[in-house]
Structures are given as C-alpha cells and as structure tokens.
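> below are the sequence and a predicted model for it; my questions follow.
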Amino acid sequence: MHLLAKKYGDVISLQMGLQNMVVIGGYETVKAVVLRDEFLGRYSPPWLKKRTFDKDIGILFGDVPIWKDTRRFAVKNLREFGFGKKQTMESLIQDEISDFIRSLEDRVNTSELVQMKGIFDPPLINSVFSMLCGFRFEQNDPELHRLLHLLHGFFTGVKTAGDILMAYPFLAAITPTYHRQLRLHREMHAYIRKIISDARARKDRITEPRSFVDVFVNTIESSGQDMTFNDENLIAVIYDFFMAGGETTPSILEFLILYLILNPEIQRKLSEEIDSVVGQDRWPSYEDRNNMPYTEAVLSEILRVATVLPLAPRTTTEDTTLNGFNIPKKSIILLNLYDVHMDPAFWGDPEVFRPERFLDEDRNVCNTERLMPFSLGRRSCLGETMARMNLFLFTTKVFQQFSVQVDPSLPKPSTEPLVGITMGAQPFGVIFTKRPRV
C-alpha cells in the first residue's frame with residue numbers, strides 16, 4: 001500500500017476481494033482525517049466480531065455511542081487505580097521489570113542464547129492485568145501463561161487468515177483457522193468471566209472497590225445491564241486491553257533489541273547516555289527522559305521504522321468528502337500510518353535506522369509530531385502513556401545492566417517484519433552480557 005500511495009496519492013480507492021476500501025496516507029491528510037467526526041467509526045470485519053459477541057462494543061472496535069461512554073468511563077476509573085498516574089504506574093512497571101531483570105541475569109550466568117520472541121510478553125501483560133484486576137501474577141503462574149497462550153493463538157490466527165477473510169468474509173465457515181478462532185474466543189470469554197465472577201464474589205467490592213473490574217461490575221449492577229454497562233461490554237473491554245498490552249508494546253521492544261544488535265554504535269551511545277544521566281547505582285525513572293534526548297530519539301526512531309500498527313481501520317459515520325473525493329457513509333477506511341512513517345519526501349532515508357533524525361543541531365528532540373504510532377485524535381490508543389512509560393523504563397533498565405550482541409556463529413537476523421494486523425519481528429536470538437561498572 002505504501003507503493004500505491006507513492007503512485008496514486010494520499011487517497012486511494014481499493015478493491016480487496018469483495019470489499020471496497022479507502023486507503024488514506026500522507027501526514028497532512030491523515031492528521032486532518034483523525035480530527036473529523038465523520039471518520040470516528042471503527043471498522044471490525046465480520047469474522048473478528050465473534051470476539052465481541054457479533055456486536056460493535058468495547059473500546060478498540062466499539063460503535064461511536066458505546067465507545068464514547070466506555071472510553072470516558074475507562075479513562076476516569078482506570079486513573080483511580082494507577083492508569084495515567086505516573087508515580088503509581090511507574091511503580092507497577094518497575095515491579096515487572098525487576099522480575100524480568102532477575103530472569104535475564106539467570107540466563108546471562110549460563111551464557112545462554114536468549115530467544116527474543118515473546119520474552120517481553122509476561123511482564124507487559126502482567127502490568128495491564130494488575131491495572132484492570134487489582135493483582136498481579138508471579139512470572140511462572142500457569143494462569144498468566146494460559147492468558148498468553150490464548151492471546152498468541154488469537155494473533156497467530158489473525159496473521160494466518162486475516163487478509164483472506166478481510167477480502168472474502170463468506171469463506172469464514174470453511175476456513176479451519178476461523179473455527180480455531182471461535183474456540184479460542186470461547187476460552188477467552190470463559191477466562192474473563194471467571195475474573196468478573198471473582199470480583200462479584202468479593203463482599204467488600206461495593207464499599208471498597210480494588211480494581212477497574214470492581215467499579216465496572218458495580219456500575220453494571222446499579223444501571224441494570226444497560227447498553228454500555230453490561231457483562232458483554234466489560235468482557236470486550238478487558239479483551240481489548242489484553243490485546244493491546246499483549247501484542248504492540250512487546251513487539252516494539254523486540255524490534256528495538258533487533259535494531260540495536262544490528263547497530264552496536266547506536267547501542268553504545270544509548271548506554272553512555274544512561275550512564276551519564278542515571279548512573280549504575282539507581283533505577284532509571286520516567287522523569288529522567290527529560291534529560292535523555294538520545295534515548296528519546298532512539299525510542300522515536302523504533303516507533304517510526306518498526307510501525308507495529310501499519311494500518312488503522314475506521315469507518316465513515318456519514319457521507320463526506322476528502323481531497324475532492326466523495327466517500328459514502330459506512331465506507332471502510334484504512335489510515336496508512338506506515339506511509340506517514342516511511343515517506344522519503346520528509347524522512348529522506350526512511351529505511352535507515354537513524355535516531356539523529358529526531359535531534360536538532362542543539363540535541364533537542366524534534367520531529368516527534370510526525371509520529372503516529374498510537375494514531376491521533378479521539379480514537380488514539382488509550383494506553384499510549386503506559387506504553388511510552390514501559391518502553392522508556394524497560395529500555396533504560398535493560399541497557400543500564402546489559403549489552404546485547406548477535407551470536408557471531410549465526411547469520412545476522414532479518415529486519416523484514418512478520419505482517420498481520422500488527423507487524424512483529426521474526427524470531428531471533430541474542431547474547432546478553434553483564435555490563436562492567438564504570
């Protein structure tokens with residue numbers, strides 16, 4: 001689609017199988033679209049709606065009225081339990097990083113080649129779980145790994161058959177992957193229903209709610225299962241957060257490790273800035289980012305070059321026009337974020353991993369307004385603050401403690417992504433080495 005955008009411009013009408021879609025690229029055009037109310041609808045393909053009981057509910061794919069009420073409720077009440085409160089959220093993330101670092105140290109001591117695929121999944125999904133449910137799993141808890149197994153199954157299925165079913169929805173009934181997805185959704189629904197059931201069983205839930213789930217359940221009971229506050233929407237919301245927390249941020253961190261082992265000079269500069277600002281005797285804090293422009297530039301560059309969410313789906317809620325083109329109501333819209341991040345007219349050498357593009361001549365961070373890794377506008381990712389905090393804190397702690405290299409006896413890993421609804425790094429292994437004290 002990036003090549004089509006270069007040839008035909010920012011607005012492209014595309015026939016994908018039996019589906020008509022409008023692909024929108026270009027920074028200025030995408031920026032204009034995300035601020036317009038008529039593009040606020042969210043497209044969910046029919047085969048994916050089984051995840052949300054064949055309804056447009058939840059936050060990721062909710063229809064506009066339900067989405068607005070649900071998002072407003074989530075923003076307000078998640079904040080009460082740490083989501084958006086930087087100190088509380090930072091403390092929760094650091095607990096997960098502490099366990100993660102201990103597990104890495106065990107592998108360093110055995111000189112083991114560490115496979116990166118999925119390595120960040122347990123701590124990152126655990127931090128989301130603690131925000132939603134009020135408690136965390138131990139890293140080896142079978143229930144945590146059952147949740148990860150279900151999420152991996154979902155995303156594997158999407159990558160296997162998502163494009164085919166997007167183009168030809170009627171093929172779902174004869175596609176084995178689709179039926180595996182149905183079983184997986186039933187298992188995930190049962191998993192989440194158990195979370196809700198446990199919340200309902202707590203006697204102090206009403207007077208002393210301990211989690212977002214508690215508050216949502218209390219609201220369901222006081223509202224009498226209305227259009228927004230009902231069990232199905234709560235299940236959809238929890239599923240949404242698990243999907244977002246269990247795929248995008250882990251994938252970004254895997255890409256970061258990949259690009260830093262392939263660019264050791266950039267890794268060296270990153271570690272030097274960590275040593276200079278943080279030192280080696282204390283934990284990095286999120287406030288440190290204000291004094292760490294190179295680290296911020298590295299993170300901005302990985303968000304750009306490894307656009308994990310390349311296409312953001314929308315629908316139009318009314319007939320409209322864009323750049324002189326008529327776009328009917330209920331049109332499927334794909335915002336081409338990959339095109340924005342890989343535009344040679346602005347970036348010059350977009351295929352190159354070069355953090356300096358985000359630093360001006362005075363080494364101040366610049367050009368970040370051109371980044372859209374979490375989309376923009378009212379449909380932007382609700383978890384952006386938490387994602388950015390995770391990226392900064394994991395990166396600075398890992399590279400404060402370790403250097404990371406390729407195994408010289410193996411071929412260099414490829415940066416060619418695995419493509420699905422999201423993009424992920426191909427499996428690769430690295431060698432972690434404890435950094436000497438300076």
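Sure, I can see it. Numbering: from 1, shown residues only.

> report the helix or strand with the lowest average pLDDT across the protein.
Lowest mean confidence among the helices and strands of the chain (mean pLDDT, DSSP states H and E): helix 2-8, at a mean of 64.

> could you count how many residues lie near I274?
Other residues near I274 come to 24 when the count uses other CB atoms under 10 Å. For the C-beta atoms, the positions are set from N, CA and C on the backbone; glycine is no exception.

> do V22 as well
Burial measure for V22: 22 neighbouring residues, criterion other CB under 10 Å.

> for it, which three-state class applies?
Counting by DSSP: H, G, I helix; E, B strand; the rest coil, the backbone at V22 sits in strand.

> okay, and the beta partners of it?
For V22, the residues forming beta bridges with it (DSSP bridges) are S13, I333.

> these two touch, right, it and S331?
Yes: using CB atoms under 8 Å, V22 and S331 qualify as a contacting pair, with a distance of 5.5 Å.

> list the contacts for Y259?
By CB atoms under 8 Å, 6 or more residues apart in numbering, the contact set of Y259 is I266, I302, V305, A306, F353, T415.

> ok so it is a helix residue?
Yes: counting by three-state DSSP, one finds Y259 located in a helix.

> what about the strands in the stretch 251-400 of the chain?
The residue ranges that make up the strands of the stretch 251-400 of the chain, judged by DSSP state E, counting those that start in this stretch, are 311-315, 320-322, 325-327, 332-336.

> rewinding a little: give me the buried subset of the contacts of Y259.
Among these, the ones that count as buried by 16 or more other CB atoms under 10 Å are I266, I302, V305, A306, F353, T415.

> of those residues, which is the nearest to V158?
The nearest member of the buried ones among the contacts of Y259 to V158, counting by CB to CB, is A306 at 18.2 Å.

> tell me the contacts of the nearest residue to that closest one once chain neighbours are set aside?
Take A306 and drop its neighbours on the chain: the residue closest to it by CB to CB, 6 or more residues apart in numbering is F255, 3.7 Å away. The neighbours of F255, taking CB under 8 Å, 6+ apart as the test, are I302, V305, A306, V308, P417, A425.

> again with N140
Listed by CB under 8 Å, 6+ apart, the contact set of N140 is empty.

> distance of it from K397?
Distance, N140 to K397, using CB to CB, to the nearest Å: 21 Å.

> what's the neighbour count on P46?
When counting by other CB under 10 Å, one arrives at 12 neighbours for P46.

> meant to ask about D275, not that
That count, for D275 with other CB under 10 Å as the rule, works out to 15.

> verify the contact between S127 and L393 for me.
No: at 10.2 Å, S127 and L393 do not qualify as touching, with contact defined as CB under 8 Å.

> mind listing the shared neighbours of these two?
With CB under 8 Å, 6+ apart applied, the overlap between the contact sets of S127 and L393 consists of I93.

> sorry, back to before: need the buried ones among the contacts of Y259 in a markdown table with pLDDT and distance to R314, can you?
A markdown table is the format used below for the buried ones among the contacts of Y259 (pLDDT from 0 to 100; distance: CB to CB, whole Å):
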| residue | pLDDT | distance to R314 |
| --- | --- | --- |
| I266 | 99 | 35 |
| I302 | 99 | 25 |
| V305 | 98 | 24 |
| A306 | 96 | 23 |
| F353 | 98 | 30 |
| T415 | 97 | 29 |
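
> ok, of these, which one's closest to F229?
A306 (37.4 Å).

> any idea how far the closest one is from R107?
Between A306 and R107 the computed distance is 24 Å (CB to CB).

> contacting residues for E296?
Neighbours of E296 in contact, by CB under 8 Å, 6+ apart: R289, F358, V365, F392.

> please tell me how far it sits from D288.
Here the distance between E296 and D288 works out to 10 Å (CB to CB).

> and E369, by the same measure?
With distances defined as CB to CB, the gap from E369 to D288 amounts to 23 Å.

> who's more crowded, the two?
In terms of neighbours (other CB under 10 Å), D288 is the more surrounded of E369 and D288; the figures are 18 against 9.

> V277 is in contact with the more buried one, correct?
Yes: applying CB under 8 Å as the test, D288 and V277 come out as touching, 5.7 Å apart.

> dump the residue contacts of the closest residue in space to G134 that isn't next to it in sequence.
Counting by CB to CB, 6+ apart, S211 is the residue found nearest to G134 once chain neighbours are left out, at 3.2 Å. Listed by CB under 8 Å, 6+ apart, the contact set of S211 reads F81, L132, C133, G134, F135, A199.
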